[in-house]
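In: structure, please.
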Amino acid sequence: MSSKSEEKISVPVIARLNIKGKRFEVFVWSDKAWLFKQGKISDIHEVLVGNIIYSDARKGLKASRDDIVQIFGSDDIGIVAEKILKKGTLQITSEQRRELIENLKRRIIAFISRNCIDPRTNLPIPPSRVEIALKEAKVSLDPFKPLEIQIENVIKQLRPILPLKIAKAVLAVKIPPQYIGKCYGYISKVGRILLQNYLSDGSLSLELEIPAGIKEEVIEKIARLTKGRGEVKIIR
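Out: Okay, the predicted model is just below:
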């Protein structure tokens with residue numbers, strides 16, 4: 001599975017910060033907003049939809065410049081929006097939430113159908129069977145978290161209802177010291193760390209077991225988080 005070929009839906013949502021009795025809102029892209037809050041996108045302008053600070057975005061009411069400067073010490077859209085997104089919350093409509101979850105569910109069904117087998121028959125699992133199992137297991141999905149972060153937990157919830165076996169891959173990963181803090185949280189969520197060791201230069205060397213179907217996403221993500229300075233090799 002390649003992230004480049006996956007269908008992804010991003011919708012404009014509202015980031016809101018209530019502070020000192022005032023409300024400030026900006027429109028942001030749903031997928032990039034979550035990545036920004038996790039520190040995986042650094043440029044706020046990639047996240048913004050438009051360049052207006054609102055007091056009520058749904059009504060189209062702009063925040064006053066005096067209020068913005070008084071609260072944030074600047075009227076620069078990037079500075080203000082970054083603070084709103086980092087300290088505030090994301091507001092989405094129930095319809096937007098359903099749209100994002102349905103898209104994520106379709107991607108999870110496709111992933112499991114392509115990468116898992118029924119251990120009793122050694123045959124692929126039809127998408128319709130996966131969809132039924134998701135409903136029976138009442139799997140809860142987070143519309144803002146990437147598939148690779150959630151897939152292990154989804155499979156764990158499905159196993160009591162739908163026996164399945166997933167192919168695994170093991171990666172050898174080396175993270176330069178200045179990027180360990182940024183990378184470790186992601187790495188520990190996306191797979192199972194088999195062993196780890198700190199090298200003499202402060203770098204972190206580890207072996208990471210992940211679902212084989214997400215290895216491209218993981219390799220690309222580590223490259224982004226380390227600005228291309230991390231090393232990843234496929235062991236098996």
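In: show me the domain layout of this structure.
Out: 12-91, 94-165, 168-234 (automatic domain parsing).
In: where does Ser205 land in three-state SS?
Out: strand (DSSP: H, G, I helix; E, B strand; the rest coil).
In: check contacts around it.
Out: For Ser205, the contacting residues are Ala172, Val173, Lys174, Gln196, Asn197, Tyr198, Leu199, by CB atoms under 8 Å, 6 or more residues apart in numbering. For glycine as for every other residue, the C-beta is placed from the backbone atoms N, C-alpha and C.
In: which one among the residues you listed gets closest to Asn103?
Out: Val173 (29.2 Å; CB to CB).
In: report the beta-bridge partners for that closest one.
Out: Val173 forms beta bridges with Leu206, Val232, as assigned by DSSP bridges.
In: what helix or strand is the most far-flung residue of the chain relative to its centre on?
Out: Here the centre of the chain is the reference, and by CA atoms, centre = their mean the most remote residue is Asp66, at 35.3 Å. Assignment of secondary structure by DSSP states H and E places Asp66 within helix 65-72.
In: how about the helix or strand that comes right after that helix: buried residues?
Out: For helix 65-72, the following helix or strand on the C-terminal side (DSSP H and E) is helix 77-87. Within helix 77-87, the residues that count as buried by 16 or more other CB atoms under 10 Å are Ile77, Val80, Ala81, Glu82, Lys83, Ile84, Leu85.
In: show me which helix or strand of this structure is least confident by mean pLDDT.
Out: helix 30-37 (a mean of 81; mean pLDDT, DSSP states H and E).
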